[in-house]
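Predicted model and sequence below, questions to follow.
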Amino acid sequence: MASIKLPIFLMTDFGLRDTYVGQMRAVIASAAPDSTIYDLTHQVPNFSIEEGAWLLSTMLAFLPDTSITLVIVDPGVGGSRRPIAIKSGDKVFIAPDNGLLSVLLADELRPPEPAIVSLPTTFPCVQIERSLKNQSSISSTFHGRDIFAPAAAFLASGGDFNSLGTPLKSLYALPSFEGTTISETEIAGFVIHVDHFGNLVTTIRSTEIVEDVFVQIEDYIITKQVNAFYEGALLEPVWYVHSSGYVGITMNSGNVADFLSVNYGDEVRLVRKRK
């Protein structure tokens, strides 16, 4: 019987300077030589589970219907957090149970603060144990290579999802990425991502935008909204709807993060103009 040849997508905070990504790819290639491996990114900011979860959320609509996605941002590696795999339709997601995969859940299932939540039956989940049994030695600092990559290779070779380990009914979840209503005229969010160009992406959704608003970040007020980068004057901070569907801040041919001295986690407000 021919193997299923599921594509495997990798996302980590490992960077590309070391051989960590290469070791994972080598493990997968050895155990599932017919698999195809794609890199989503390996530049998730170090240890940033929340930003890693948001970045994963931007990929969900574009992953093939039948695929495996392995996400590792794991500052708790070697600790009590569980290695898990979750099915969403025919897509499988493998990650540490630290909040990364909470973006698979509908907003109403996610908690107001980080917490363990019950999983609906539509999301089969297992604690990965197969990799633990089949490895003679497992590094306490590199579960990506020794636990997660073998699990992905097993599935890519046609292995049964339920054979990975013990079924789970709960997940550690992060709050939804959305703005918080402060008053009738203000919605607060924060910078969730600074991209390669220095554009700022916030947690305020485009669906939260009303007419006649401006964006305030620190003491800087940005009144001009654009639809495309070139519409702003050179080196002028403007706001726009990012391709992910969230409010963003940018500037034409410049790095707005550096210009405003703003970074991940800084508060942003969407404010209705007074008439």
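That came in fine, so what should we check first? Numbering: from 1, shown residues only.

Against residue 102, how distant is residue 174?
Residue 174 sits 5 Å away from residue 102, going by CB to CB, to the nearest Å. From N, CA and C alone the C-beta is placed, and that goes for glycine too.

Pull up the overlap in contacts between these two.
Residues touching both residue 174 and residue 102 (CB atoms under 8 Å, 6 or more residues apart in numbering) are 53, 110.

Give me the more crowded residue out of these two.
residue 102 (25 against 21; other CB atoms under 10 Å).

nearest spatial neighbour of the more buried one, skipping sequence neighbours?
residue 173 (3.6 Å; CB to CB, 6 or more residues apart in numbering).

repeat for residue 251
residue 237 (5.2 Å).

Likewise for residue 242?
According to CB to CB, 6+ apart, the nearest residue to residue 242 is residue 248 (3.6 Å).

list the helices and strands the host helix or strand of the one you found packs on?
Element membership of residue 248 [criterion: DSSP states H and E] is strand 246-250. Using 3 or more CB pairs under 8 Å, 6 or more residues apart in numbering; DSSP states H and E, the elements in contact with strand 246-250 are strand 200-205, strand 213-217, strand 238-241, helix 256-260, strand 267-272.

Redo these as a markdown table? Include mean neighbour count, distance to residue 231 and mean pLDDT.
As requested, the helices and strands packed on strand 246-250 are arranged in a markdown table below (neighbours: other CB atoms under 10 Å; distance: least, CB to CB, whole Å; pLDDT from 0 to 100):
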| stretch | mean neighbour count | distance to residue 231 | mean pLDDT |
| --- | --- | --- | --- |
| strand 200-205 | 25 | 17 | 98 |
| strand 213-217 | 20 | 15 | 96 |
| strand 238-241 | 21 | 7 | 97 |
| helix 256-260 | 19 | 14 | 97 |
| strand 267-272 | 19 | 19 | 96 |
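
Quick one, which of the ones you listed gets closest to residue 85.
Evaluated with CB to CB, these place strand 200-205 nearest to residue 85, the distance being 27.4 Å.

the inter-axis angle of that closest one versus strand 246-250?
Orientation check (axes from the mean of the first three to the mean of the last three CA atoms, to 10 degrees): strand 200-205 against strand 246-250 gives 150 degrees.

Strand 200-205 pairs with which strands?
According to DSSP bridges, strand 200-205 has the following sheet partners: strand 186-194 (antiparallel), strand 246-250 (antiparallel).

who's in contact with the residue nearest to residue 37 when sequence neighbours are not counted?
Of all residues not flanking residue 37 in the chain, residue 8 sits nearest, at 4.9 Å (CB to CB, 6+ apart). For residue 8, the contacting residues are 28, 32, 35-38, 67-70, 152-153, 156, by CB under 8 Å, 6+ apart.

Among those residues, the buried ones, what's the ChimeraX command?
In ChimeraX, this line selects whichever of the contacts of residue 8 come out buried by 16 or more other CB atoms under 10 Å:
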select :28,32,35,37,67,68,69,70,152,153,156
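
Pick out whichever of the contacts of residue 8 sits closest to residue 242.
For the contacts of residue 8, the closest approach to residue 242 (CB to CB) belongs to residue 69, at 21.6 Å.

Show me the shaky parts of the chain.
1-4, 131-135, 275 (pLDDT under 70).
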